[in-house]
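K.L.:
what shape does this take:
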Amino acid sequence: MRALRKVRGLTLKTLSQATGISLSYLSMIERNAANPSTDVLTGIANALGVDVSWFFMSRPGRGPLERQSVVRADARRNLNILYGTPSQEVGYSDMLLSGTIGGAFYMAICTFAPGSKSPNKPMISHEGEQHAVVIKGALELTLGDEVITLKEGDSYSFSTEINHSVQNALSEVETTIVWAVTQVVIPRDQEDKAQDKLDNP
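P.N.:
Below is the predicted model:
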């Protein structure tokens, strides 16, 4: 819960105000010192903009280090849930490869539908870096005023303070990339939704 709260840019105090749950109890939940009810977790999930199932993702493994460190292919988290945009709407499916979104960076595998384009929004920029390799297909990367086509096996690295966007460069097949970013970024429309929940609980 702590990692998700930080991704949303919320303090414990702000989350407490949004949920009506005491700050001390939220702190206990984050420290695994309390066993909250489903109703409590549902309220927290609503304030953080995810389904309550986000908190019940389990990873198989024979030992605690394996369960903490290894993500099996069938146990990946769907980042589109975090973004608040289903893959059909945004044009791509983004699955978390890292064990957590709370580290110094996270890694994901992103699949773009044939001919898919992001919704008509301005290019984004934020602090950090992004790195990726094209696993299948071809990717159109826009950096500033440059439009660059990357093919299978090509990779990129850039400062995310540069305005940027990506889309599938092919109309016939999917494009898949594995990418890593040094700072979790929530799209602006999702930030607005989170703030709206605080303003209108």
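K.L.:
next one: the closest residue to residue 44 other than its chain neighbours, what pLDDT does it get?
P.N.:
Excluding the flanking residues, the one nearest residue 44 by C-beta to C-beta, 6 or more residues apart in numbering is residue 19, at 5.7 Å. All C-beta atoms are positioned from the backbone trio N, CA, C, and that covers glycine. Looking at residue 19, its pLDDT stands at 92.
K.L.:
residue 185 now?
P.N.:
50.
K.L.:
and for the one 5 residues further on?
P.N.:
Looking at residue 190, its pLDDT is 44.
K.L.:
picking up where we left off before, residues near the residue nearest to residue 44, how many?
P.N.:
20 (other C-beta atoms under 10 Å).
K.L.:
what about it, distance to residue 84?
P.N.:
18 Å (C-beta to C-beta, to the nearest Å).
K.L.:
now residue 17
P.N.:
21 Å.
K.L.:
of these two, who's got more company?
P.N.:
Just comparing residue 17 and residue 84: by other C-beta under 10 Å the higher neighbour count belongs to residue 84, 18 against 15.
K.L.:
pretty sure the more buried one sits against residue 49.
P.N.:
Yes: look at residue 84 against residue 49 with C-beta atoms under 8 Å: they come within range, at 5.8 Å.
K.L.:
how far away is the residue nearest the centre of the chain from residue 61?
P.N.:
By C-alpha atoms, centre = their mean, the chain has its centre lying nearest to residue 79, at 4.2 Å. Going from residue 79 to residue 61 by C-beta to C-beta gives 22 Å.
K.L.:
same thing with residue 34?
P.N.:
The value you get for residue 34 to residue 61, if C-beta to C-beta is used, is 25 Å.
K.L.:
shaky segments in the chain?
P.N.:
Filtered on pLDDT under 70, the chain yields the residue ranges 118-123, 183-201.
K.L.:
how's it carved up into domains?
P.N.:
2-56, 66-188 (automatic domain parsing).
K.L.:
how about the closest residue to residue 161 other than its chain neighbours, what does it touch?
P.N.:
Excluding the flanking residues, the one nearest residue 161 by C-beta to C-beta, 6+ apart is residue 125, at 5.5 Å. Residues counted as contacts of residue 125 (C-beta atoms under 8 Å, 6 or more residues apart in numbering) are 160, 161, 162, 163, 164.
K.L.:
next, give phi and psi for residue 74.
P.N.:
phi -90, psi 10 (degrees, to the nearest 10).
K.L.:
number of nearby residues for it?
P.N.:
6.
K.L.:
check residue 138 too.
P.N.:
Neighbours of residue 138 (other C-beta under 10 Å): 16.
K.L.:
the spatially closest residue to it that is not a sequence neighbour and residue 147, how far apart?
P.N.:
Closest residue in space to residue 138, ignoring its immediate chain neighbours: residue 169 at 4.2 Å, by C-beta to C-beta, 6+ apart. Going from residue 169 to residue 147 by C-beta to C-beta gives 10 Å.
K.L.:
shared neighbours of the two, anything?
P.N.:
Common neighbours of residue 169 and residue 147 (C-beta under 8 Å, 6+ apart) are residue 140.
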